[in-house]
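Visitor: Take this sequence and fold it.
(chains A, B, C and D)
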4 protein chains.
Amino acid sequence: MVIVGVIGSSLASGKPYDDAMEVGRLAAERGATVLTGGLGGVMEAACKGAKEAGGQTIGILPGSDRHDENPYVDIPIVTGLNHARNIIVVRTSDVLIAVGGEYGTLSEIAFAMKLRKPIVSLGSWDVGEGMRKASNPAEAVDTAFDLIK
Amino acid sequence: MVIVGVIGSSLASGKPYDDAMEVGRLAAERGATVLTGGLGGVMEAACKGAKEAGGQTIGILPGSDRHDENPYVDIPIVTGLNHARNIIVVRTSDVLIAVGGEYGTLSEIAFAMKLRKPIVSLGSWDVGEGMRKASNPAEAVDTAFDLIK
Amino acid sequence: MVIVGVIGSSLASGKPYDDAMEVGRLAAERGATVLTGGLGGVMEAACKGAKEAGGQTIGILPGSDRHDENPYVDIPIVTGLNHARNIIVVRTSDVLIAVGGEYGTLSEIAFAMKLRKPIVSLGSWDVGEGMRKASNPAEAVDTAFDLIK
Amino acid sequence: MVIVGVIGSSLASGKPYDDAMEVGRLAAERGATVLTGGLGGVMEAACKGAKEAGGQTIGILPGSDRHDENPYVDIPIVTGLNHARNIIVVRTSDVLIAVGGEYGTLSEIAFAMKLRKPIVSLGSWDVGEGMRKASNPAEAVDTAFDLIK
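Guide: Numbers count the residues shown, from 1 in each chain, chains lettered A, B, ... in the order given. Predicted coordinates for the structure are as follows:
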């Protein structure tokens, strides 16, 4: 099983939301399981896209119970660790795609770079050469799969 | 989705191993996803039983990469948190079944009791009235499903 | 520096509270730093006793900010990890003394046994031969220092 | 008590090492406790500087026992959480000073920004307006104390 982590802001709407939904859909169409932090915004969009393509989704939740996951999470992992759960998102993914994103996303990008985990930016933070950039969802998913071949 | 956590020693063999395999099989036959700490012994047995019944399995791994999960884990969650991952096993499960077990298992039982998470003992630690006891795998699984009805 | 962890219920009052205060005082008189989970009850009492003896205290807090520590904590460590912080209490202590205690305490005792960390029970859970028992605070502290000599 | 967290690469030498030592010294002279991730490089330098000024130091260790802390850590907190301990460094500090730094440092900066924790950059990552910049250790420490006044 390939796990594609999709990271980004819980408050995203508009273009990053649409992009994340397309990323989730394309990743699921290729047979990947889509993993997110389980909340709203980009996380919700990626899960929604994956479900529309018949895929499976995992949410690594920061809270202490199941109330806060988005409705497109199949497998909610309840950590109770607050932001410390970000490292689990990174470790569990085979490859990550960052769609936009605020500081929480930046912490995950930093952990990915630290752990040499493949990661693709779609309009996200620019933190140096180790992070591949994509200009649209299809290119992001293509690049992600190339990186783990 | 109902998630049944099965906890017990990574070194178990013989009767607790066989019991855990039967618990995993029976839980999966009822449609539950079986969650464990992802390692050997009782954790492996429960996953193996679940897979034989066509079920899905989750492993909440203590280590920093995927090398240590047992071969019957479908969804490995890589925490890198060592024993601190035990609380995630408890929080993510709807109900827990403890099969035998050493001190790691006791920590999970204690967390379950603390969080008022339903838990059934099959030859495990006795920590007071809040923990239901079962004398065989079928009774353990029946009791577990009763507790979350 | 010797770090003595004192664990027990956040709701303790009466005898366990008094016992924990005496344990904290005696440990500090011997030059130990007293470490607790930073909250009320036994944790507060141990810190209070240690401060009365001129000692230093550490609190490993479960919450996300400093609002919940008791007033006798010198060094508040803010984990934001909820109950997962219990393992840090155990790992950081050279030896532990359990005074009474509910299920949270039991999780810490279990971790201590798992990690072969020396631990003394003063009216706490009985989990087997590896845990030394004491019948009063002075004996508990004497035993704790003997165990790490 | 004011806790000043000093973050940066465990491999730093030369100028960032010297800068971190000066930051630690100046913070301790103002009465602050210096907190780091407990390892080498910038973390070691900050602790060393603080100790030379008679200050107290805390190390939030990623490993499972005490073997990896630098010799200038007074209070080693043993988390066993690997990189997840970075969030504890951020939460426990009243203010942070980032001296140079690699991706681990970036994860801490990101968490600080996320939690709106005051943070000063001394030749570190540039992540936006919320992070104050300093051009030398004295300015960094002055700015840090200004931010928490």
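
Visitor: quick check: mean pLDDT across stretch A:78-92?
Guide: Throughout stretch A:78-92, pLDDT has a mean value of 98.

Visitor: what does stretch A:96-104 give?
Guide: On average, stretch A:96-104 scores 97.

Visitor: ok, now stretch A:127-141?
Guide: On average, stretch A:127-141 scores 94.

Visitor: Grab the longest helix from chain A for me.
Guide: helix A:15-29 (DSSP state H).

Visitor: Could you list every helix and strand in contact with that one?
Guide: On a contact count with 3 or more C-beta pairs under 8 Å, 6 or more residues apart in numbering or on different chains; DSSP states H and E, helix A:15-29 meets strand A:3-7, strand A:33-36, helix A:42-52, strand A:95-99, helix A:137-147. For every residue, glycine as well, the C-beta is placed using N, CA and C.

Visitor: What residues does chain A have near chain D?
Guide: A:81-84, A:87, A:102-104, A:106-107, A:109-111, A:113-115, A:125, A:127 (C-beta under 8 Å from any C-beta of the partner chain).

Visitor: are any of those residues buried, and which?
Guide: By neighbour count, with 16 or more other C-beta atoms under 10 Å in any protein chain shown, the residues of chain A next to chain D hold A:81-84, A:87, A:102-104, A:106-107, A:109-111, A:113-115, A:125, A:127 as buried.

Visitor: out of those residues, which are inside strands?
Guide: Within those, no residue falls in strands by DSSP state E.

Visitor: Would you check which of those are in contact with chain C?
Guide: Near chain C, judged by C-beta under 8 Å from any C-beta, the entries from those are A:81, A:82, A:83, A:84.

Visitor: now for these, which pair is the farthest apart?
Guide: A:81 and A:83 (7.7 Å; C-beta to C-beta).

Visitor: Can you work out which residues contact both of those two?
Guide: Residues touching both residue A:81 and residue A:83 (C-beta atoms under 8 Å, 6 or more residues apart in numbering or on different chains) are A:62, C:80.

Visitor: Contacts only, for the spatially closest residue to residue A:64 that is not a sequence neighbour.
Guide: In this structure, residue A:64 finds its nearest non-sequential neighbour in residue A:80, 4.1 Å apart by C-beta to C-beta, 6 or more residues apart in numbering or on different chains. Shown in contact with residue A:80 (C-beta under 8 Å, 6+ apart): A:62, A:63, A:64, B:87, B:88, B:91, C:81, C:82, C:83, C:84.

Visitor: now do residue A:115
Guide: The neighbours of residue A:115, taking C-beta under 8 Å, 6+ apart as the test, are A:90, A:91, D:83.

Visitor: ok, now with 10 Å
Guide: By C-beta atoms under 10 Å, 6 or more residues apart in numbering or on different chains, the contact set of residue A:115 is A:87, A:90, A:91, B:64, B:65, B:80, D:82, D:83, D:103, D:104.

Visitor: Can I get those in JSON lines including distance to residue B:3?
Guide: Listed next are these as JSON lines, based on distance: C-beta to C-beta, whole Å:
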{"residue": "A:87", "distance to residue B:3": "22"}
{"residue": "A:90", "distance to residue B:3": "23"}
{"residue": "A:91", "distance to residue B:3": "21"}
{"residue": "B:64", "distance to residue B:3": "24"}
{"residue": "B:65", "distance to residue B:3": "24"}
{"residue": "B:80", "distance to residue B:3": "22"}
{"residue": "D:82", "distance to residue B:3": "26"}
{"residue": "D:83", "distance to residue B:3": "27"}
{"residue": "D:103", "distance to residue B:3": "34"}
{"residue": "D:104", "distance to residue B:3": "33"}
